[in-house]
Each structure stands twice: as structure tokens, then as C-alpha cells.
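K.L.:
from the sequence below, what's the structure:
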Amino acid sequence: MKDYVKARNRAIAKLVFYIHAIVFVFVNVILFIINITMTPQNIWFIWPLLGWGLGLLAHAATVYFPGQWGRKLMKRMIRRELDKQEESES
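P.N.:
Okay, here's the model as predicted:
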């Protein structure tokens, strides 16, 4: 059962990353089109693309290369959520 939960959590993390990547592409294509059609003399779409791209890269790193720090952070976050649930139930 523990292996199933672990595999399920990894699958969910990957699915959430895929959704993030799809939204990133969709929104940045729209921003590119708006930029090129409205203000082609001023190329600004690159700034949200780069900023959000760095965030997407960090998200990918946590999904595909969690490492030790990722596991420790996840354990702390789970512990906090369990503590909140216990507080709200009492």
C-alpha cells in the first residue's frame, strides 16, 4: 500500500506539472500574439515568459529531481497539514 501511495503522489505531481506547462505555453503564446499585433515596436512578452519560465523550471526540478531537500520539505509540509487537521477536529 505504501508503494501505491508513493506512486500515486508522484503521478499527481507530474500531472500538476503538465498542467502548469500547458498553461504556460498557452498564456505565453497569447501574450506573444498580443505583443506582436498591438505593439510590435516594443517587445515586452519576453519578460513574463522568462519570469514564469524560471518558475516552471523550478517546478520541474522539484517534480523530476526532488533530492533530499525536497523529501524533507514535503515531510514538514505533510506534518503541518496533519497538525492543522488535528487542531480543527478538536
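
K.L.:
from here on, contacts and neighbour counts on C-alpha atoms
P.N.:
Noted.

K.L.:
got the residue ranges for the helices in this structure?
P.N.:
With DSSP state H as the criterion, the chain has helices at 2-38, 46-64, 67-89.

K.L.:
which residues does the residue nearest the centre of the chain contact?
P.N.:
The chain has residue 59 as the residue nearest its centroid, 4.3 Å off, counting by C-alpha atoms, centre = their mean. Neighbouring residues of residue 59 by C-alpha atoms under 8 Å, 6 or more residues apart in numbering: residue 17.

K.L.:
what's next to the lowest-mean-pLDDT helix or strand in the chain, contact-wise?
P.N.:
One helix or strand of the chain scores below all others by mean pLDDT, DSSP states H and E: helix 67-89, with a mean of 81. Helix 67-89 is contacted by residues residue 62 when judged by C-alpha under 8 Å, 6+ apart.

K.L.:
pull out the buried positions in that helix.
P.N.:
Residues of helix 67-89 classed as buried: none (neighbour count, 16 or more other C-alpha atoms under 10 Å).

K.L.:
go on, stretch 53-62?
P.N.:
Judged by neighbour count (16+ other C-alpha under 10 Å), stretch 53-62 contains these buried residues: 53, 56, 59-60, 62.

K.L.:
dump those residues to a markdown table, plus pLDDT and distance to residue 85.
P.N.:
As requested, the buried residues of stretch 53-62 are arranged in a markdown table below (pLDDT from 0 to 100; distance: C-alpha to C-alpha, whole Å):
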| residue | pLDDT | distance to residue 85 |
| --- | --- | --- |
| 53 | 97 | 34 |
| 56 | 96 | 30 |
| 59 | 91 | 26 |
| 60 | 91 | 29 |
| 62 | 85 | 25 |
